[in-house]
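Q: Generate coordinates for the sequence data below:
(chains A, B, C and D)
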Protein chains: 2
Amino acid sequence: MTRDHDPLADTELTFLLGLGFQLVLAEFVRRVAEAGHSDLRPVHGLAFQVLRGPGATSSELADRLGVTKQAAGQLVDDLERRGYVRRQSHPDGGRRRLVVLTERATDHLAVAGRVLHGLEAEIAAAIGAGDLANLRTELTRLVRHLAGDSLPPLRPLW
Amino acid sequence: MTRDHDPLADTELTFLLGLGFQLVLAEFVRRVAEAGHSDLRPVHGLAFQVLRGPGATSSELADRLGVTKQAAGQLVDDLERRGYVRRQSHPDGGRRRLVVLTERATDHLAVAGRVLHGLEAEIAAAIGAGDLANLRTELTRLVRHLAGDSLPPLRPLW
DNA sequence: CCTCCTGAGTCAAGTTGCTTTACTTGCCGA
DNA sequence: TCGGCAAGTAAAGCAACTTGACTCAGGAGG
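A: Residues are numbered from 1 along each chain as shown, chains lettered A, B, ... in the order given. Below you'll find the predicted structure:
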């Protein structure tokens, strides 16, 4: 089962991180698609998390996603056309428009959350709950070391 | 320094992995650019690793990078124009062309290697050498659990 | 020999998801 | 009331791919 000396152990940390992320994310996408949400990609889930609750403006969304407001606007256009969000008038007025989730989107968030937790539970079973906890701790320290207090947005590109 | 309860500890493993990877890679790119190679992105380094030594055909490269042979061909065109690779006649004949690295490319590989190791040493100092070793071990197990024996190519997209 | 097929490589066009540039439009403060 | 900021929109451009269609070298089989 376990190798004496896995050749992977010699590869770069960066490569290992990238591969781990890519594999976990691919499995996540696969399961979410299997649960009937094959029309949404991870970036949509990130957007939904920003918009959940009271909602947000396109510009706020742009800022949180680390893209231009035009790109965020296009994303909202697409999600609105497909019934995942609505644009409401914003209480603060101006040209502001409040983008809020529809039930369709909160459904997706619920499914994605269940899939993430299920996946993590499986990983815990596979590599050991203690090891997974350590992995999280070490990753957290790594991220804090490189990013400090303010976390940058997670972007779907290198 | 260390928090009693870092809010990051509650975020999804997937998010943590993605952020860790993105931060390490960004720092890598920053340092490689600082060392004078700002015209090459990580994907070029991956290509160089495939082509190092005896070289490879475009189709092999495509396979290893997980892209179409057209995309690999375009990448080779670009790298050839900029003096990083040469196309030679292939010993096995046919329409095959052997793509090999120039010294310019091996120089880049050397720089990238030094940067990676320097970065990893810094991380070891910051989070502890033992914790880094554990992180590597756990990541290796995670990757093996999800990928089995054959590792998929690392792709610059979600 | 000839023919057919396979696999490497190339050419051209289309797609996606952004960016840059430029503009419109509410509101607020001097 | 005028100037300017900030949100939003519109249009065009661009990078890095893809799909589809082709060319061409070298066997394998007849």
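
Q: wait, what's in contact with A:E120?
A: A:L132, B:E12, B:L13 (C-beta atoms under 8 Å, 6 or more residues apart in numbering or on different chains). C-beta: built from backbone N, CA, C; applies to glycine.

Q: separation between the residue lying closest to the last one once chain neighbours are set aside and A:V100?
A: Spatial nearest neighbour of B:L13, chain neighbours left out: A:E120 (5.2 Å); criterion: C-beta to C-beta, 6 or more residues apart in numbering or on different chains. Spatial separation of A:E120 from A:V100 under the definition C-beta to C-beta, to the nearest Å is 29 Å.

Q: hang on, the earlier thing: which element, helix or strand, includes the residue nearest to B:L13?
A: A:E120 belongs to helix A:103-127 when assigned by DSSP states H and E.

Q: Heading C-terminal from that helix, find the next helix or strand.
A: Next along the chain after helix A:103-127, taking DSSP H and E as the criterion, comes helix A:129-147.

Q: ok, is that following helix in contact with chain B or not?
A: Yes - applying C-beta under 8 Å from any C-beta of the partner chain, one finds that helix A:129-147 is in contact with chain B at A:131-132, A:134-147.

Q: Dead centre of chain A: give me the residue that sits there.
A: By C-alpha atoms, centre = their mean, chain A has its centre lying nearest to A:L46, at 4.5 Å.

Q: What's the separation between that residue and A:G66?
A: Per C-beta to C-beta, A:L46 is found 10 Å from A:G66.

Q: how about the helices in chain A?
A: A:13-34, A:42-51, A:58-65, A:69-81, A:103-127, A:129-147 (DSSP state H).

Q: Now render these as CSV, adding distance to B:P42.
A: Rendered in CSV, the data for those read as follows (distance: least, C-beta to C-beta, whole Å):
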stretch, distance to B:P42
helix A:13-34, 8
helix A:42-51, 20
helix A:58-65, 21
helix A:69-81, 22
helix A:103-127, 26
helix A:129-147, 16
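
Q: Looking at those helices, spot the one closest to DNA strand C.
A: The closest approach between DNA strand C and any of these, judged by C-beta to the nearest atom of the strand, belongs to helix A:69-81 at 3.4 Å.

Q: distance between that closest one and the chain's centre?
A: Distance of helix A:69-81 from its chain centroid, counting by C-alpha atoms, centre = their mean, to the nearest Å, is 17 Å.

Q: mean confidence for the helix holding A:E120?
A: Here helix A:103-127 scores 98 as its mean pLDDT.

Q: what does stretch A:64-73 give?
A: The model assigns stretch A:64-73 a mean pLDDT of 98.
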